[in-house]
Structures are given as C-alpha cells and as structure tokens.
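Participant: structure for this input, please:
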Amino acid sequence: MEVGILKRADGSAYVEIGDNKVIAAVYGPRELHPRHLQRPDRAVVNCRYNMAPFSVEERKRSGPDRRSIEISKVTRLALEPAIFTEYFPRTSIDIFIEILQADAGTRTTGITAASLALADAGIPMRDLVSACAVGKVAGRIVLDLTKVEDNFGEADMPIAIMPRDNRITLLQMDGTMTEEEFKEALKLGMEGCRKIYKEQRRALKEKYGQGD
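Facilitator: Prediction:
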C-alpha cells in the first residue's frame, strides 16, 4: 500500500492485495454543480468504480456496465458512514477507483484503496474502512479468495468494517452457508479486515510520520 501517488488528486492511494492492483483518487470537498444537487446539511459522496480493459485476461469493454454501477453504489455506501459529511454542506466528495489488474475481491481492494485516498486528502473520518472477502470452498471457510476459488466455490462474502468499533459497513454474500459457517466466515473476515487496517495505518505513517 502507498498513498499520495497522484499529484493532481487531492488524495490518492495504490494497493496490491494478491493479484489485484488498484489505484484510487479523491477530489474534494468542492462546490457541487449543478446547485440543485447540493445538500444543505452535508456533502454528497460520489463513487466511480471501473475496471481497465486490460485488467482481465479477456479484454473488457470500456465504460460502465451493470456490475461496475452496482459496485460503485455499494462502495459509496461502505465508505459514507466513515466520512464526516456534515462538515461540508453543499459540496461533493468524488472518489474514483480504477482496477488495473483483477483477480477476485476487487470491490474490497477498491474500498481499502479509496479509504486510504480519503485519508490522504485530509477528509475528516471516524475511522478508516478496511475490507476483504471470505468464502466457502470445498466445504471449508477461506479468507481472500483467488479467482478460481471465487468462480468455483460455494459462497463469496465481501465484508468491510470500521475496525475501532467493529462497525460493519458492507456485508454481501453470493452463495449459501449454514448459520455456523456464516458465523465462522464473519469472524474470519473481520480478522482479515483488522490485518488490512494495520497495513493501511502503516502506509499512512510512512508518508505522514509515526504519530497516531
């Protein structure tokens, strides 16, 4: 993880987790136009998730598709609870996430990178948001699925948390688990997020010093 990699962005970050390579940029808070979109009591958070055409083995068509629109929305919803949007009424905070190389878990890697970029932009936050994916493969609960495990496993569960109070900001699941398997997956996923959190803090300290 590395922060502050783009000079023209207010905040930016680059994250590699497994074979995922993701860059995130943040612009704002800045006045929102057109004005009828402004909120008098808070900032509007916008998020755009995009996979580069060369990010996957079979070249992806350029531009937004149904999947990227859905991931953009859940990413915004995962990050918004951490941001003190009430500090910046009538403004927008714009988050851009670009997947340069994709394996499994690009949405969670993107959330992790975007959280770092928000911190790098100096936007007040309740906590960083840390994310990872957990799933069920061959009857076993596993952390940080690969593409093959994601494609052929029985379940995939992305999770994002604010680690200081263990507040969950994203929890999705594709597939099936028993109640006990779900509890085990949730526990393992939160442990994974806390490991990601330590690396996020390390990346910020490398740029801004060793203070808390």
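
Participant: count of neighbours near the residue nearest to E184 when sequence neighbours are not counted?
Facilitator: Of all residues not flanking E184 in the chain, I141 sits nearest, at 4.9 Å (Cβ to Cβ, 6 or more residues apart in numbering). Yep, even glycine has a C-beta here, placed from its N, CA and C like the rest. Per other Cβ atoms under 10 Å, the neighbour tally for I141 reads 21.

Participant: can you list the low-confidence ranges for the chain?
Facilitator: 59-63, 210-212 (pLDDT under 70).

Participant: do that again at 50, thanks
Facilitator: For the chain, applying pLDDT under 50 flags the ranges 212.

Participant: ranges for the helices of it?
Facilitator: Along the chain, the segments classed as helices by DSSP state H run 66-79, 106-120, 147-152, 179-208.

Participant: contacting residues around the residue nearest the centre of the chain?
Facilitator: In the chain, the centroid-proximal residue (Cα atoms, centre = their mean) is I111; its distance is 0.5 Å. Contacts for I111 (Cβ atoms under 8 Å, 6 or more residues apart in numbering) come out as 75, 78-79, 129, 131, 160, 170.

Participant: derive a PyMOL selection command for the buried subset of those residues.
Facilitator: Buried residues within the contacts of I111, by 16 or more other Cβ atoms under 10 Å, are selected in PyMOL with:
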select buried, resi 75+78+79+129+131+160+170
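
Participant: G122: which of the contacts of I111 is nearest?
Facilitator: Distance to G122, by Cβ to Cβ, is smallest for L79 among the contacts of I111, at 15.4 Å.

Participant: next up, the contacts around that closest one.
Facilitator: Contacts here follow Cβ under 8 Å, 6+ apart; on that basis L79 touches 45, 47, 95, 111, 114-115, 118, 129, 169.
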